[in-house]
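**Student:** Any chance you can model this:
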Amino acid sequence: MKTILSIKLIALTMLLIPTLSFAQAPTLGTAANFVLFSTSGAVSNTGISQLTGNVGSNNVATSTGFGNVNGIMDNINGATGQCATDLLSAYNQLNNDIPTLFPASPLGNGTTFNAGIYKVAGATVLNLNLYLDAQGNANAVFIFQIQGTFSANASSKIILLNGAQACNVFWKVEGQVSMASGATIRGTVIVNNALIMMGTGDTLEGRALTTAGAITTNGVLAYTPVGCGSPLLTGPSAPNLAGTACYAIFSKDGAVSNTGITHVVGDIGTNVGLTTGYTALDVTGTIHTIPDGSTAQCATDLGNVYTYLNTLAYDIQLLYPAQFGSNLVLTPHTYLLNAATTLTDTLYLNAEGDANAVFVIQVKGAFSTSTYSRINLINGAQAKNVFWLINGAVSINAYSVFNGTIVCNNGAIHFAKLCTLNGRALTTDGQVTTDTMTADGTVIPLDCASLGLSNLNNANIGEAFTIYPNPCNTSATVRINDMSQINLCELRMYNVLGQEVMYAKLVDQNTPLAMGTLPSGIYFFKITYNNIVVQSGKLVAQL
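**Tutor:** Numbering: from 1, shown residues only. Prediction:
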């Protein structure tokens, strides 16, 4: 009896295997590069949308209203002609697939689907959540053949489980696609002879492509999916910084000066002029008050860095320099902004999980920021791999947080009060002025002393200490990550006027700081090890 049951179980399992592996992804060709595309129809946007991937039409001369797109804007050219051909081929593949599963509308409502080919007769609605479960198979493919219109209700979502990937999800729709506010669709949507509408707050991890019809978006987040053999973005090769790597603040030709208490990790200097206003106790590195051999070498090396960055071919041109920022997300590429540029609000740099990915932003003009502007690094991005080539003056407004190495050509650099720079500020010709800021040296390499270019003490750099949370409320904690430094460390805290407001001897691995005794505001700290400043930074108290 047991033998018979075993045979039946094996037979049943064998019957199920074709169903689980039957669906095969279509070949997208160049259509894979587009996040929005119409073979014959206008592509337009209102509001602020964040798009990663190419945008275009093969029939309408202009795609309008998008602002800066993390991709190429293509209209009636060779790329759109090829995309139209590849899109029709992908549609035919999906249309000819033989379905084995036949759910009814509405989809979602908490239902879970496994990999396979699904066919839904007539108009279809997505309501609440639809779960797609790959059952641990990252190659599992989900194909939905919608034989009518497809609409996603407000806040409805496609949720991927157990290794399912958006790059393996495909929606073939024989009618109009419309997404209500806050909906989330994952997968490549291919519409036949109809329009696509995406509303405010919608998210698309995939692509929206139509063989004939307009595409309209309004304040959406849409990005091409990664995985499934898509190319890994690493960005360009980083420049060889050589001696410039040891400097946090430098001018090849111009005075370097500071007002207020500025904390710096890295060398400070100029090769023509004087360096003034910085205090040795607040600088972990060398203050080159007058030009010397180190500044001469840095000047030479800075010229080489500039030449490399300036001749680097760009991948993507951001078409609206005056609208830079506004929560734009960039991936590892070389970008061009071909005019004076203003960074407003926040810019995100997304390394897509590659900690070595490089970003280069070329600005052909002056560069300025709004107050409280931020460069946010996400998904493994590191400040040491971000480079800004600015052909003009640089003005970083108050309270801004800036990540990366600034290489300014023939322009002054100014940091207003209470800015944070995680990187370097270097100019080939112009003054550098700072005012009560922090230049965080986590991107400064450890080997400056061995290069003979600086007396920067290797033991001073690194994550020896952590202060958390930051911002904090009534208390914060100083954690010593390097236990060899216990009993030799002291912390001093200063307000924006430079007055010392707190002192603590760090005798335990974790030392609490009673921030509740201080008013809300921004404070600067420095930690000394055996009377040498080893770390400095900024702590925000929000009481």
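
**Student:** mind listing the helices for this protein?
**Tutor:** 2-21, 78-96, 293-311 (DSSP state H).

**Student:** Tell me where this protein is predicted with low confidence.
**Tutor:** 1-22, 441-459, 461-464, 482-487, 496-498, 530-533, 543 (pLDDT under 70).

**Student:** How is it divided into domains?
**Tutor:** Following automatic domain parsing, one gets these domains for the chain: 21-223, 242-443, 463-541.

**Student:** how about a markdown table for the ones you listed, with distance to residue 230 and mean neighbour count added?
**Tutor:** Glycine gets a C-beta too; all of them are placed from N, C-alpha and C. Output for the domains of the chain, formatted as a markdown table (distance: least, C-beta to C-beta, whole Å; neighbours: other C-beta atoms under 10 Å):
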| stretch | distance to residue 230 | mean neighbour count |
| --- | --- | --- |
| domain 21-223 | 6 | 20 |
| domain 242-443 | 10 | 21 |
| domain 463-541 | 33 | 16 |
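
**Student:** and residue 231, which of those is closest to it?
**Tutor:** Ranking the domains of the chain by proximity to residue 231 (C-beta to C-beta) places domain 21-223 first, at 9.6 Å.

**Student:** how close does residue 509 sit to residue 477?
**Tutor:** Distance of residue 509 to residue 477, computed by C-beta to C-beta, to the nearest Å: 10 Å.

**Student:** residues in contact with residue 141?
**Tutor:** 23-25, 115, 168-170 (C-beta atoms under 8 Å, 6 or more residues apart in numbering).

**Student:** what bridges to the residue lying closest to residue 504 once chain neighbours are set aside?
**Tutor:** Spatial nearest neighbour of residue 504, excluding adjacent residues (C-beta to C-beta, 6 or more residues apart in numbering): residue 491 at 4.6 Å. Taking DSSP bridges as the rule, residue 491 bridges to residue 504, residue 527.

**Student:** Pick out the most distant pair among the contacts of residue 141.
**Tutor:** 24 and 169 (13.0 Å).

**Student:** Go through the contacts of residue 141 and flag which are in strands.
**Tutor:** In strands, defined here by DSSP state E, the members of the contacts of residue 141 are 169-170.

**Student:** want to try CSV for the contacts of residue 141, with distance to residue 381 as columns?
**Tutor:** Below are those laid out as CSV (distance: C-beta to C-beta, whole Å):
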residue, distance to residue 381
23, 35
24, 35
25, 29
115, 33
168, 26
169, 27
170, 30
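
**Student:** For residue 245, state which of the contacts of residue 141 is nearest.
**Tutor:** residue 168 (42.4 Å).

**Student:** you'd agree that closest one is up against residue 140?
**Tutor:** Yes. Contact criterion C-beta atoms under 8 Å: residue 168 and residue 140 qualify, at 6.3 Å.

**Student:** which residues are common contacts for the two?
**Tutor:** Counting by C-beta under 8 Å, 6+ apart, the residues touching both residue 168 and residue 140 are residue 134.

**Student:** coming back round to it: export the domains of the chain to JSON lines and tack on distance to residue 236?
**Tutor:** Converted to JSON lines, these look like this (distance: least, C-beta to C-beta, whole Å):
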{"stretch": "domain 21-223", "distance to residue 236": "16"}
{"stretch": "domain 242-443", "distance to residue 236": "5"}
{"stretch": "domain 463-541", "distance to residue 236": "27"}
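
**Student:** now for those domains, which one comes closest to residue 229?
**Tutor:** Short answer: domain 21-223, nearest of those by C-beta to C-beta, at 8.3 Å.

**Student:** Distance from the closest one to the middle of the chain?
**Tutor:** 23 Å (C-alpha atoms, centre = their mean, to the nearest Å).

**Student:** repeat for stretch 465-483
**Tutor:** Distance, centroid of stretch 465-483 to centroid of chain: 26 Å (C-alpha atoms, centre = their mean).

**Student:** From here on, call the first residue 30.
**Tutor:** Okay, residue one is now 30; in that scheme the one you just asked about reads as stretch 494-512.

**Student:** mind checking how far the residue lying closest to residue 73 once chain neighbours are set aside is from residue 227?
**Tutor:** Distances taken as C-beta to C-beta, 6+ apart put residue 93 closest to residue 73, at 4.8 Å, once the chain neighbours are dropped. From residue 93 across to residue 227, the span is 15 Å (C-beta to C-beta).

**Student:** Repeat that for residue 316.
**Tutor:** In terms of C-beta to C-beta, residue 316 sits 54 Å off from residue 227.

**Student:** same question, residue 325
**Tutor:** 56 Å.

**Student:** Next, the contact list for the nearest residue to residue 178 once chain neighbours are set aside, please.
**Tutor:** Excluding the flanking residues, the one nearest residue 178 by C-beta to C-beta, 6+ apart is residue 204, at 3.7 Å. By C-beta under 8 Å, 6+ apart, the residues touching residue 204 are 152, 175, 177-179, 220, 223.

**Student:** Next, give me the two most distant ones among the residues you listed.
**Tutor:** It's 152 and 220 that sit farthest apart of the contacts of residue 204, by C-beta to C-beta, at 13.6 Å.

**Student:** which residues touch residue 218?
**Tutor:** 179, 200, 202, 206, 225, 233, 235-238.
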